[in-house]
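[1] structure for the following, please:
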Amino acid sequence: MKHHSDSGLLIINYHYIRESVQYPYPGIHPLEPQAFIEQINWLKDRYHIATPHEVEHFYYRGKSLPGPSILLTFDDGLAEHGTLVEEVLRPLQIKAVFFISSRPLLEHRASMVHKIHWLRASSKPEKFREDFFSLLPDKMQPAEIGDGIKEKALRTYPYDTPENAQLKYLINFQLPHDTVDSVTSIMLKNRGILEPEFCERFYMRPSQVSILHEIGHMIGCHGHSHAPFAVLKIPSSTNIADNYWRKDNLIADVDFESGVIRRAIRGKGVNLEEIIKHPETGENLVGQVLPDWQEVIQVNKFCAQLFAPLRYQSLDIALSSEGPIVVEVNTGCSFELPQFASGKGFLTDDVRNFFESCGWQFQSN
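    Now for the predicted structure:
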């Protein structure tokens, strides 16, 4: 809840709003459509349901809202969101914010997490486990799960059975994202479902998103790739901070999916030097796998959603003996650092698509 004097704003977020009877197994736990209608009517009778533009003026310019207010947001661009606008929000003249995942629209490839949700909700738990592990590469097949992982899994997923909690923990925190993405696509195909067909059924179509914009709703980006670049800042023993401009500090390019250091450098311009081993310890840097990397990805994703009004942001996350710790959230980030670290340009197709989805217009040469 955010307050400005006597105004207050509560942001309510929705994901799945569909009939639960279609999912016989745990995986998707939707809000029933009738319950959604009842919630909206209850909120409308008690609060001012603000428009996205009212919230922008409130948040960025300090303009008061007409009493305690609610902003409705919807994540992922799910198919039912377009229907609910026509049947519920539009008759009540309610405007909302829709955070759309761009990959299903641009590439006809589903979000990995949605594939997992649907497969788990449509499969007996033991069948899902059997199919999933049968498709993992041999080197990624989990050995006996240690007590430490079991404890973390139960703490992270307290409402699941121990077996399901451990599976979810492996998928979300231990296994590389691109591997799980590939495996779940194969699992869909083995069910006779091609990924473009899945996207057609599961998400709104581009024409529906355009209509939402035309009738006054706000369209936000819920990510194409949540973190296109990852950089590791490595301070020298003589510095108290990790800023790259400090003498002898290092910076490394990190593969976002696996947490593997691909390249490490120090210096700038003619003094830029690519290094393989740490200059003080002699230990290899390139090829090193950073600890708790899948947890880092999840922390990054959680913070990106928590601070969703910032459409472009970066996080400083410390790798500690107690796991990843968020140091700060930044509005944007330096374009230089990822380019220095990787030795490549920043403006990939993913990055360009993201900024264009936020309204930025690139000038043609």
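
[2] tell me where the chain has strands.
    2-4, 7-14, 48-49, 69-75, 97-100, 218-221, 230-234, 250-254, 261-266, 273-275, 313-320, 323-331 (DSSP state E).

[3] give the buried residues for the fourth one.
    Residues of strand 69-75 classed as buried by neighbour count (16 or more other C-beta atoms under 10 Å): 69-75. C-beta coordinates here come from the backbone N, C-alpha and C atoms, glycine included.

[4] turn those residues into JSON lines, columns for distance to residue 165 and pLDDT.
    Formatted as JSON lines, the buried residues of strand 69-75 follow (distance: C-beta to C-beta, whole Å; pLDDT from 0 to 100):
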{"residue": "69", "distance to residue 165": "38", "pLDDT": "93"}
{"residue": "70", "distance to residue 165": "33", "pLDDT": "94"}
{"residue": "71", "distance to residue 165": "33", "pLDDT": "93"}
{"residue": "72", "distance to residue 165": "31", "pLDDT": "95"}
{"residue": "73", "distance to residue 165": "28", "pLDDT": "92"}
{"residue": "74", "distance to residue 165": "28", "pLDDT": "94"}
{"residue": "75", "distance to residue 165": "24", "pLDDT": "89"}
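
[5] tell me the one among those nearest to residue 40.
    Closest approach between those and residue 40, by C-beta to C-beta: residue 72, at 7.9 Å.

[6] need the contact list for that closest one.
    Residue 72 makes contacts with 12, 14, 40, 49, 89, 94, 96-97, as judged by C-beta atoms under 8 Å, 6 or more residues apart in numbering.

[7] how does it look with 6 Å?
    Neighbouring residues of residue 72 by C-beta atoms under 6 Å, 6 or more residues apart in numbering: 12, 96.

[8] from residue 276, how far out is it?
    Note on residue 72: its distance to residue 276, by C-beta to C-beta, to the nearest Å, is 52 Å.

[9] residues near residue 37, how many?
    Other residues within reach of residue 37, judged by other C-beta atoms under 10 Å, total 15.

[10] now it, nearest residue through space, not along the chain?
    residue 88 (5.7 Å; C-beta to C-beta, 6 or more residues apart in numbering).

[11] tally of neighbours for that neighbour?
    By other C-beta under 10 Å, 16 other residues sit near residue 88.

[12] same question, residue 265
    18.

[13] go on, residue 180?
    24.

[14] what separation do you get for it and residue 135?
    Counting by C-beta to C-beta, the gap from residue 180 to residue 135 is 10 Å.

[15] same question, residue 200
    24 Å.

[16] with residue 340 instead?
    Distance from residue 340 to residue 135, by C-beta to C-beta: 38 Å.

[17] which of these two has more residues huddled nearby?
    residue 340 (19 against 15).

[18] what about the more buried one, distance to residue 265?
    6 Å.

[19] shaky segments in the stretch 151-300 of the chain?
    For the stretch 151-300 of the chain, applying pLDDT under 70 flags the ranges 173, 223-228, 257.

[20] ranges for the helices of the stretch 51-200 of the chain?
    52-61, 79-84, 103-106, 112-121, 125-135, 147-156, 162-169, 177-190, 195-202 (DSSP state H, counting those that start in this stretch).

[21] return the closest of the buried residues of strand 69-75 with respect to residue 107.
    residue 75 (18.8 Å).

[22] the closest one and residue 99 touch, don't they?
    Yes. Residue 75 is within contact range of residue 99, at 5.0 Å (criterion: C-beta atoms under 6 Å).

[23] shared neighbours of the two, anything?
    residue 222.

[24] neighbours of residue 152, just the number please.
    Quick note: residue 152 (other C-beta under 10 Å) scores 18 neighbours.

[25] in space, what's closest to it - neighbours in sequence excluded?
    residue 169 (6.2 Å).

[26] that neighbour and residue 298: what is the separation?
    For residue 169, the distance to residue 298 - C-beta to C-beta - is 10 Å.

[27] again with residue 178
    15 Å.

[28] just residue 41 next, same as before
    35 Å.

[29] before we move on, what about residue 106?
    24 Å.
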